Each structure stands twice: as C-alpha cells, then as structure tokens.
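**Q** Kindly generate the corresponding structure for this input.
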Amino acid sequence: MINESTSTPIQTEDTIVALATANGAGAIAVIRLSGPQAIQIVHTVFKGKNLLKQASHTLHFGFIADGEVVLDEVVVSLFIAPKSYTKENVVEISCHGSPYIIQSIIKLLMVKGARAAKPGEFTLRAFLNGQLDLSQAEAVADLIASDSKASHQIAMQQLRGGFSNQLQVLRDQLIHFASLIELELDFGEEDVEFANRDQLKSLILEINKVIFELVRSFELGNVIKQGVNTVIAGRPNAGKSTLLNALLNEDRAIISPIPGTTRDTIEEILNINGVNFRLIDTAGIREATDAIEAIGVQKTMDKISTSALLVYVFDVNELSEAELKSDIESLQRPGIPTLAIANKIDLPVKRSITFGSSEAIKYLEISAKEKQHIDELKQLIYDTAIQGRLTGEETVITNIRHLEALQRTQESLERVLYGMENPVTSDFLAMDIKQALYYLGEITGTVTTDDLLENIFSRFCIGK
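**A** Predicted coordinates:
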C-alpha cells in the first residue's frame, strides 16, 4: 500500500530576520522576523504596548530603542502562529527607509537573538510548515519577478493552487490503482486481479492527455515569462527602424534614407494586451559593403534563429512578389511564425502584391511613417504569438523543473502501458506507477531532497 504522511507545522528552533522591502533609501521599509522567539525579541526593544499580551493581526505604534537610544518611530504588526505566512510567529516592523535606520534595527534584533535569514527562507518555512506546496512556493518568486499582466496572471493562478490541484487529482487516481496492484502482490499465489486493467489503461491514457497539454503549454509559458523575442527584419531602407519607432510610439531608432544605417541590433520591450514582446530591430539584409555591416547582417541571421516571431518588413513599392517570397524563404526557420508586412502604402504604389496569407505566413499592409494600421499590426503580432492559448482559465507551465518532471512522468506511464500490452507481472506495473507518482510528487514537494530545496529557494530574494 502507498502511504503519504500528512503535513504538520514544523517549528524551527531559531528566529530569522531580514529586510522584506527593496534595498535603498525610501519613505518606508519593512523588517520581517519569523520564528518562535520573534515576538519576544521585538518586545525587548519596543517602547509601547506589551507585545506579549497583544492579539494576532494587530498593529502597534511605538519606538525601537537600543537601551536609552531611540532608533526610530515604528509600527509593529503581529501575526501569531499558525495564522501567518510561515505558520510561525511573525513580526513585521515598518520603519523609515533610511539605510542607517534599517541596518541599526536589524543589527539590534540580531544582538537580541535573531539571525540573518537566507534567501527565500521565509517561503521555505511556509513550505516546510505546510502553508504552501513547492509549486506554489516557486510561484511566489515568479510573482515577484512578473513584469507583465500575463506573467502576473500565470503566477497568481499557480500560487492559488490551480496547478497543484490538477496534479493532486491525477496522483489520487494513480494512488488508488497502485494500492490495488500492491494488494494483488499480497495474494500473488492466488492469481487474482483487484485492479481492472481496462480501467487502468483508460486512466493512464486520460492522464497522459492532461500531461501532454501541460507540457505543450510550456512553450507559451516560457515566452510569456521571458518575453516574446520578435525580430524585425528586411532589406535596407524597408522602414524597419521607422516601424520600431511607430510600435513604441517614440523615436528609439535612428531613421535615415541612407541604406545600412542600422548596423547593430536595437532591442526594446513592447507590451501588447498584457504580454511583453522583445522587439529586435536588425541590420538590413543585403550583400555587405564592409566588414562592420557584414557583422550586422550576421547578427540579424543569428537573432532570427533564436526568435519566437519574425516580422519581415518590405517596401511595397520596390519589392516584387517573387523577390518577397524568395527573401522570406531564405529567412524562415522551422517553428517560427512569420509576418510579411508591406510598408510605405502612403506612397504611390508601383507594384501590386497579391501575397496570400497562410498558417505559416500572415500578410498586412501598413505605413510605418504615417502610423497607418499600426494597431492592427500589434494585434496581429499578439494573435500570432499567443494563438488563442491564453484565456486566464487554463494551467500554463513556466518552470523548466516542472516540465522535466512531467516528461519523466509520461515516460513512466508509457512503461505501464507497455507492460499491460506485453504483459508483465504486477510487481513491475507497481514499480512504474510508483515512479510516475514520484515524479508528480517532485513538482508539488510531496517528494523532496535537501539539494532540490536549496537550489529552488537560493534563487529567491532575501526577506521572501
């Protein structure tokens, strides 16, 4: 039988302290303590109400003093275990944001018995004490790092347990069958089957389908988390830099009628519908006239290879349909969607382009100089990159650790299916199901190692 221990609060012996707000001078700073002696330690330096007699979730005005020397006027917030972020006693001291005051108070609290917190140690304690599972704890770091509506939305969905709940349903179903197969092993000599093999096969196929969608979502989750690399490429004087300026609504790139003005890449962030796009203006693609331009053209090709979206800009008055198709064919890379953007429609059109849109290439006419159809282009960029996959309700994977664990789960379940088809004995089936459960447990922290926890929480900021 498979047994899983329930999570109980783990009270560590020491009390930790750290600055919870950003470093540097500011109007207000928050110093956080967590641990069994948090309230007692602050009580010894606080001039005001007796903190040991106050209720949880209350605020208290007073002074922090080192003996007779007053360090600052503060507000102290109390959170008594287990009703706190870490499920331990937590105290937050709101003081003035002077670096001198902050350091003086932290130093005083350490003299009174606290120790400096390690990166991510507050959230680590929240995880160890059962307040969060591991994927939720990682979502805290993603939430802090989120710089767009979409990345914030995904982190919040994971923090609220959407991903964890989905995985728990899968694990519970697998545990049920694993338990039945374990029971079969106890009656091995009687040749009985407690686990219906057809039901087990249907369950695994259903779980594999869910995992496949989660794995597939990583591509979207990764670009949202990192920003969508969007390369603007084309021949010299096609209007690439003008388009960059029009998209950003500012004069970011130098515009000149002289071919080859842009010789290095220019990168800027554009937020469209809550998603960050990393726009990369590149050197014009042509036979280079000197070594510096040749380097610029090579950089363009390198950027295209690592992009998530290619925006090919061309002068609709100068380029023929055959030349356009030839250029795009030479630049396209597998898996990278391409937009063919006909620029300069504000000028008398000498050529007629009948370039048809396809799933791989979409076509739009604009005037970057006159900012005609720029909003339509932004929407096209967004739709092409996101492809309707971001609705706010689905689970999106953004963490490479989760992706690898899900892929290993798939491999284990495939072995279970193989074993049922061939067939193998119940003990081998049980072994592969346990392996799948192990990998799913790695994601939420049901299965952990000290090295794994250290690796995850060392990337957090101190104070969180």
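
**Q** Could you point out which residue ranges in the stretch 151-300 of the chain have low pLDDT?
**A** 184-195, 251-265, 284-298, 300 (pLDDT under 70).

**Q** do the stretch 1-150 of the chain as well
**A** 1-12.

**Q** So which residues of it form strands?
**A** In the stretch 1-150 of the chain, the strands defined using DSSP state E, counting those that start in this stretch lie at 16-19, 26-34, 46-47, 58-66, 69-79, 90-97, 115-116.

**Q** So the chain: which segments form each domain?
**A** As recorded under automatic domain parsing, the domains making up the chain are 16-132, 144-222+399-445, 227-386.

**Q** quick one: residue 61 and residue 46 touch, right?
**A** No - Residue 61 is beyond contact range of residue 46, at 10.2 Å (criterion: C-beta atoms under 8 Å). C-beta: built from backbone N, CA, C; applies to glycine.

**Q** quick one, which of these two is more surrounded?
**A** A direct count of neighbours by other C-beta atoms under 10 Å for residue 61 and residue 46 places residue 46 higher, at 20 against 11.

**Q** list the contacts for the more buried one?
**A** 60, 62-65, 74, 76 (C-beta atoms under 8 Å, 6 or more residues apart in numbering).

**Q** Out of those residues, the closest to residue 139 would be?
**A** residue 76 (28.7 Å; C-beta to C-beta).

**Q** Look up how far residue 423 lies from the nearest residue to residue 26 once chain neighbours are set aside.
**A** Distance criterion C-beta to C-beta, 6 or more residues apart in numbering; nearest residue to residue 26, sequence neighbours excluded, is residue 97 at 3.4 Å. Residue 97 sits 68 Å away from residue 423, taking C-beta to C-beta, to the nearest Å as the criterion.

**Q** Tell me which of these two has more neighbours.
**A** Taking other C-beta under 10 Å, residue 97 and residue 423 do not tie; residue 97 has more neighbours (18 against 11).

**Q** if we can go back for a sec, which residues do residue 61 and residue 46 both contact?
**A** residue 74.

**Q** circling back: could you dump the contacts of residue 46 into JSON lines with neighbour count added?
**A** JSON lines is the format used below for the contacts of residue 46 (neighbours: other C-beta atoms under 10 Å):
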{"residue": "60", "neighbour count": "16"}
{"residue": "62", "neighbour count": "17"}
{"residue": "63", "neighbour count": "13"}
{"residue": "64", "neighbour count": "24"}
{"residue": "65", "neighbour count": "15"}
{"residue": "74", "neighbour count": "25"}
{"residue": "76", "neighbour count": "24"}
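
**Q** can you redo those as JSON lines with distance to residue 216?
**A** Below are the contacts of residue 46 laid out as JSON lines (distance: C-beta to C-beta, whole Å):
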{"residue": "60", "distance to residue 216": "51"}
{"residue": "62", "distance to residue 216": "55"}
{"residue": "63", "distance to residue 216": "57"}
{"residue": "64", "distance to residue 216": "53"}
{"residue": "65", "distance to residue 216": "59"}
{"residue": "74", "distance to residue 216": "50"}
{"residue": "76", "distance to residue 216": "49"}
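
**Q** and which of these is nearest to residue 323?
**A** Closest to residue 323, out of all of the contacts of residue 46 and judged by C-beta to C-beta, is residue 74, at 70.0 Å.

**Q** What are the buried residues along stretch 399-413?
**A** 399, 401-403, 405-406, 408-410, 412-413 (16 or more other C-beta atoms under 10 Å).

**Q** Quick check: mean pLDDT of it?
**A** The average pLDDT within stretch 399-413 is 91.

**Q** Closest to residue 368 out of the contacts of residue 46?
**A** residue 74 (54.8 Å).

**Q** quick one: the helices in the stretch 151-300 of the chain?
**A** 162-186, 197-226, 240-248, 291-305 (DSSP state H, counting those that start in this stretch).

**Q** Ok, which of the ones you listed comes nearest residue 433?
**A** helix 162-186 (4.5 Å).

**Q** residues in contact with the closest one?
**A** In contact with helix 162-186 (C-beta under 8 Å, 6+ apart) are residues 1-2, 4, 133, 135-136, 157-158, 192-195, 199-200, 203, 207, 210-211, 214, 395, 397, 402, 426-427, 429-430, 433-434, 436-437, 440-441, 443-444, 446.

**Q** Next, residue 462: phi, psi?
**A** The phi/psi pair for residue 462 (degrees, to the nearest 10) reads phi -70, psi 140.

**Q** my read: it touches residue 117, true?
**A** Yes - using C-beta under 8 Å, residue 462 is in contact with residue 117, at 6.0 Å.

**Q** what touches both of these two?
**A** Contacts common to residue 462 and residue 117, judged by C-beta under 8 Å, 6+ apart, are residue 18.

**Q** Looking at these two, which is more packed in?
**A** A direct count of neighbours by other C-beta under 10 Å for residue 462 and residue 117 places residue 117 higher, at 24 against 16.

**Q** Any figure for the gap between the more buried one and residue 277?
**A** Distance of residue 117 to residue 277, computed by C-beta to C-beta: 37 Å.

**Q** Could you do residue 149 as well?
**A** 13 Å.

**Q** intersection of neighbour lists for these two?
**A** With C-beta under 8 Å, 6+ apart, residue 149 and residue 277 have common neighbours residue 271.

**Q** These two: who's more crowded?
**A** residue 277 (24 against 14).

**Q** Buried residues in stretch 328-348, which are they?
**A** For stretch 328-348, burial by neighbour count (16+ other C-beta under 10 Å) applies to 328, 331-332, 336-345.

**Q** Confirm that residue 415 lies within a helix, as I assumed.
**A** Yes - counting by DSSP: H, G, I helix; E, B strand; the rest coil, one finds residue 415 located in a helix.

**Q** What is the neighbour count of it?
**A** 18.

**Q** Residue 243 versus the closest residue to it other than its chain neighbours, what's the distance?
**A** Excluding its sequence neighbours, the residue lying closest to residue 415 (C-beta to C-beta, 6+ apart) is residue 432, at 4.4 Å. Relative to residue 243, residue 432 is positioned 54 Å away (C-beta to C-beta).

**Q** wouldn't residue 66 be in contact with residue 106 here?
**A** No - with contact defined as C-beta under 8 Å, residue 66 does not count as touching residue 106 (11.9 Å).

**Q** of these two, who's got more company?
**A** residue 106 (18 against 14).

**Q** List the residues that contact the more buried one.
**A** By C-beta under 8 Å, 6+ apart, the neighbours of residue 106 are 17-19, 31, 116.

**Q** could you redo the last one with a cut-off of 10 Å?
**A** 17-19, 31, 33, 93, 114, 116 (C-beta atoms under 10 Å, 6 or more residues apart in numbering).

**Q** Buried only: go through the residues you listed for me.
**A** 17-19, 31, 33, 93, 114.
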